[in-house]
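Novice: curious how this folds, go ahead:
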Amino acid sequence: MRPAELKLELPEIPRKRYFAIGEVSELCDVKPHVLRYWEQEFPQLKPVKRRGNRRYYQQDDVLIVRRIRSLLYEQGFTIGGARLRLKENPKGLVEAVRPAPAAAEPGARAAPPAPRRNSEIKSLRTELESLLKLLP
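Specialist: Below is the predicted model of the structure:
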């Protein structure tokens, strides 16, 4: 499945203090067992546990889950890579979350080179074409 196919509109997060694991599952389009696994893998994700070991997530937890989901499912990071990205950028600035052009989905074209590099590329191409003509 391609990352573009996974993108979908997630529902707005209601203004509540606590969310049960089932609610977070629906809000973030992630199954409850995945949320429990992510709690073990991402130290930033720490829901409050109350009676009977029930988990209660807060607004910040829901936002972290959505960010983890985006890193893993939409941007193609591994668990370790997503963990590092969250550690480097805890506030979740958009610029830092976007993958580098080289790490974009396979087959995607890179951004056009800067104008000053165009002349270098043209000269290299001309030189390579002249070398090709010399080969038998």
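Novice: CA atoms of stretch 13-22 as CSV?
Specialist: C-alpha atoms of stretch 13-22 as CSV (Å, rounded to 0.1, in the frame of the first residue of the first chain):
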residue,chain,number,x,y,z
ILE,A,13,-10.6,15.8,18.7
PRO,A,14,-13.5,16.7,21.1
ARG,A,15,-12.8,19.0,24.0
LYS,A,16,-12.7,16.5,26.9
ARG,A,17,-10.2,15.9,29.6
TYR,A,18,-9.9,12.1,29.2
PHE,A,19,-10.4,9.6,26.4
ALA,A,20,-10.7,5.8,26.7
ILE,A,21,-8.5,3.6,24.5
GLY,A,22,-11.5,2.8,22.2
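Novice: next one: the longest helix along the chain to chain centre, how far?
Specialist: The longest helix of the chain (DSSP state H) is helix 115-134. Here helix 115-134 is found 37 Å from its chain centre; the criterion is CA atoms, centre = their mean, to the nearest Å.
Novice: do the same with stretch 63-76
Specialist: 5 Å.
Novice: return the helix or strand in this protein with minimum mean pLDDT.
Specialist: Lowest by mean pLDDT, DSSP states H and E among the helices and strands of the chain is helix 94-97, with a mean of 41.
Novice: from Arg15, how far off is the residue nearest to the spatial centre of the chain?
Specialist: Centroid check for the chain by CA atoms, centre = their mean gives Leu71 as the closest residue, at 2.0 Å. To Arg15, Leu71 is 25 Å away according to CB to CB, to the nearest Å. Yep, even glycine has a C-beta here, placed from its N, CA and C like the rest.
Novice: circling back: helix/strand/coil for the residue nearest to the centre of the chain?
Specialist: Under DSSP: H, G, I helix; E, B strand; the rest coil, Leu71 falls in the helix class.
Novice: what's the closest non-adjacent residue to it?
Specialist: Ala82 (4.0 Å; CB to CB, 6 or more residues apart in numbering).
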